[in-house]
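> structure for this input, please:
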Amino acid sequence: MIDVRPAASRGHFNFGWLDTWHSFSFGDYHDPARVQFRALRVINEDRVEPGQGFGMHGHRDMEILTWVLEGELAHTDSMGHQQGLRPGSAQAMSAGTGVRHSEFNRSSREQVHLLQIWLLPDREGHTPRYQEAAFADADLRNRLGLIASRDGAGGSVLLHQDVEVRVARLDPGASVRHGFQADRHGYVQVARGSVTLNGRTLQAGDGAALSGEPEAVLAAPEASEVLLFDLA
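The predicted structure is shown next:
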């Protein structure tokens, strides 16, 4: 079964400094049919204006993964990290027993466009942790490169959850496939461009939950970027 979440059906808020779309219930947006999928709790697509951002605020017991599509994001947290995140770098933060952080657009001229992803941890009370890893374009070009996982395979960032997060940057006419074990589920999020998923067309911003599907076959009629989650 494939359940498509059209981009336009997401929760949407424009605060001037932030234009944000919520694939799942978040903040003032609540849809009882779209609270989470398996351990996947949040996919927010954010566009932050130059010099603007999220001030210091706290989280507990959540696995937070950030993937920048355009621009540069400046990260600061209560663990002492100060980092700049650009496209091709994955940032994972395990909030655990409690962490505070801020995220700002480092540019004074250009927007930063990013996906912020939250997953429920495998248990409460982990020690807070921060990690970042950079991936070359060749790691993602016309292949499903692993950017985050439970065991850090292939240099992916670590998450306290039984999940694989993969990214593919597809050239026009390219295709990739990912097989699921019988007891696994998938979620696909189109970051830009468009793809067909097992023959079904998805546009930028669309998501799709997969259950009982033996594989996901993604084909791109145009230059595209897509995230695929393999979930317990």
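
> not counting its neighbours along the chain, what's nearest His126?
Distances taken as CB to CB, 6 or more residues apart in numbering place Gly96 nearest to His126, at 3.7 Å, with adjacent residues excluded. In short, each C-beta sits where N, CA and C put it, glycine included.

> am I right that the one you found is in a strand?
No: secondary structure of Gly96 (DSSP: H, G, I helix; E, B strand; the rest coil): coil, not part of a strand.

> is it correct that Val48 is in contact with Leu18?
Yes: taking CB atoms under 8 Å as the definition, Val48 is a contact partner of Leu18 at 5.6 Å.

> more neighbours: these two, which one.
Set Val48 next to Leu18 and count neighbours by other CB atoms under 10 Å: Val48 wins out with 23 against 16.

> can you get me a residue count around Leu85?
Other residues within reach of Leu85, judged by other CB under 10 Å, total 22.

> to clarify, my last question referred to Gly11.
By other CB under 10 Å, 18 other residues sit near Gly11.

> mind checking how far stretch 37-45 is from the chain centre?
8 Å (CA atoms, centre = their mean, to the nearest Å).

> so the most centrally placed residue in the chain bridges to which residues?
A centroid search over the chain (CA atoms, centre = their mean) returns Ile117, at 4.3 Å, as the residue closest to the centre. For Ile117, the beta-bridge partners are Ile43, Leu65 (DSSP bridges).

> which residues does Gln161 contact?
For Gln161, the contact set (CB atoms under 8 Å, 6 or more residues apart in numbering) comprises 39, 63, 119-122, 150.

> gap between it and Glu213?
According to CB to CB, to the nearest Å, Gln161 and Glu213 sit 20 Å apart.

> over to Ala219?
Applying CB to CB, the value for Ala219 to Glu213 is 15 Å.

> ok, now Ala33?
20 Å.

> can you list the low-confidence ranges for the protein?
For the chain, no stretch is flagged by pLDDT under 70.

> where along it do the helices fall?
Here the chain has its helices, by DSSP state H, at 137-140.

> could you list the buried residues of stretch 66-74?
Judged by neighbour count (16 or more other CB atoms under 10 Å), stretch 66-74 contains these buried residues: 66-68, 71-74.

> what does stretch 135-150 give?
Going by neighbour count (16+ other CB under 10 Å), the buried part of stretch 135-150 is 135, 139-140, 144-149.

> could you dump those residues to TSV with distance to Tyr187?
Listed next are the buried residues of stretch 135-150 as TSV, based on distance: CB to CB, whole Å:
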residue	distance to Tyr187
Phe135	20
Asp139	21
Leu140	18
Leu144	13
Gly145	17
Leu146	15
Ile147	14
Ala148	13
Ser149	15
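
> of the residues you listed, which is the nearest to Arg192?
Set against Arg192, the nearest of these by CB to CB is Leu140 (12.9 Å).

> so how far is Leu114 from the closest one?
Taking CB to CB, one finds Leu140 at 16 Å from Leu114.

> just to revisit the earlier point, which pair of the buried residues of stretch 135-150 spans the longest distance?
Distance extremes for these: the farthest pair is Leu140 and Ser149 at 15.0 Å, using CB to CB.
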